[in-house]
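Undergrad: dropping a prediction and its sequence here:
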Amino acid sequence: MDWWVWVIIAAVVVVVAVAVAVAISRQRRRAAIASGFGPELDRTVKSHGGDRRAAVDELVERSRKRDSLDVHPLSAGARERYRDEWRALQARSVDEPARSLTEADVLLDRVMEERGYPVTDFDEKAAVVSVDHPEVVQNYRAARELRQRNSQQMATTDELRQGILLYRSLFDELLDDGRIDASGQEQR
């Protein structure tokens with residue numbers, strides 16, 4: 001065989017090897033992203049009519065969007081200020097659960113905004129937050145749904161109180177995620 005045939009064979013082998021490596025790398029990234037979303041993956045698959053590939057593509061896009069943001073931990077002072085606000089809100093919730101549910105939603109928006117999350121559109125907020133907090137984002141959605149039901153006066157007092165607890169799960173995650181210790185270093 002001529003030498004140029006060997007060069008062509010070698011080039012084809014290299015191209016195939018690179019293509020296989022890229023495909024394996026993409027598949028591993030997609031699997032890692034999918035496994036990191038936990039129950040959020042199942043919810044997204046359902047929203048895509050059972051199409052797992054489309055759901056994973058959406059989660060990959062969410063991760064890209066989240067990576068483009070400057071999400072950062074709260075300072076110790078901000079964490080304490082927000083905790084104090086939550087305690088006051090929770091104390092009022094016994095007598096004013098509807099108002100407290102609304103205040104909880106507004107307080108979460110303020111925490112998210114200070115951390116660097118988008119806050120203008122609920123679906124966008126929930127999607128981006130799901131990247132960092134996939135285990136509690138479904139609580140956030142459920143609490144928001146209760147708030148909407150309350151605006152139509154269709155939620156019971158017990159449901160309103162439950163909504164506050166649902167908001168609390170994300171609130172706690174947002175406050176404690178990426179804390180800064182006394183020396184100014186981020187803790188994980």
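TA: Thanks, I have the structure now. Numbering: from 1, shown residues only.

Undergrad: can you give me phi and psi for E135?
TA: In terms of degrees, to the nearest 10, the main-chain angles of E135 are phi -80, psi -20.

Undergrad: just to check, it is in contact with F37?
TA: No: E135 is beyond contact range of F37, at 9.4 Å (criterion: Cβ atoms under 8 Å). From N, CA and C alone the C-beta is placed, and that goes for glycine too.

Undergrad: so the two - more neighbours on which side?
TA: More crowded of E135 and F37, by other Cβ atoms under 10 Å: F37, with 22 against 14.

Undergrad: tell me the contacts of the more buried one?
TA: By Cβ atoms under 8 Å, 6 or more residues apart in numbering, F37 lies in contact with 44, 59, 130-131, 134.

Undergrad: among those residues, which one has the most neighbours?
TA: The most crowded member of the contacts of F37, judged by other Cβ under 10 Å, is S130 (26 neighbours).

Undergrad: name the element it belongs to?
TA: According to DSSP states H and E, S130 maps onto helix 122-132.

Undergrad: which residue is the nearest non-sequential neighbour of the residue nearest in space to the middle of the chain?
TA: Residue closest to the average C-alpha location in the chain (Cα atoms, centre = their mean): S130, at 1.7 Å. Leaving aside its chain neighbours, S130 sits nearest to V137 (4.2 Å; criterion: Cβ to Cβ, 6 or more residues apart in numbering).

Undergrad: buried ones in stretch 45-55?
TA: Buried positions in stretch 45-55, judged by neighbour count with 16 or more other Cβ atoms under 10 Å: 45, 55.

Undergrad: who touches it?
TA: Under the contact criterion Cβ under 8 Å, 6+ apart, stretch 45-55 has outside partners 41, 44, 58.

Undergrad: scan the protein for its longest helix.
TA: Counting residues, the longest helix found in the chain (DSSP state H) is helix 3-36.

Undergrad: just checking, what packs against that helix?
TA: Packed against helix 3-36 by the contact rule (3 or more Cβ pairs under 8 Å, 6 or more residues apart in numbering; DSSP states H and E) you find helix 52-68.

Undergrad: in the helix or strand that the helix it packs on is followed by, which residues are buried?
TA: Sequence order places helix 76-93 as the next helix or strand after helix 52-68, per DSSP H and E. Burial within helix 76-93, assessed by neighbour count using 16+ other Cβ under 10 Å, is assigned to 78-79, 82, 85-86, 89-90, 93.
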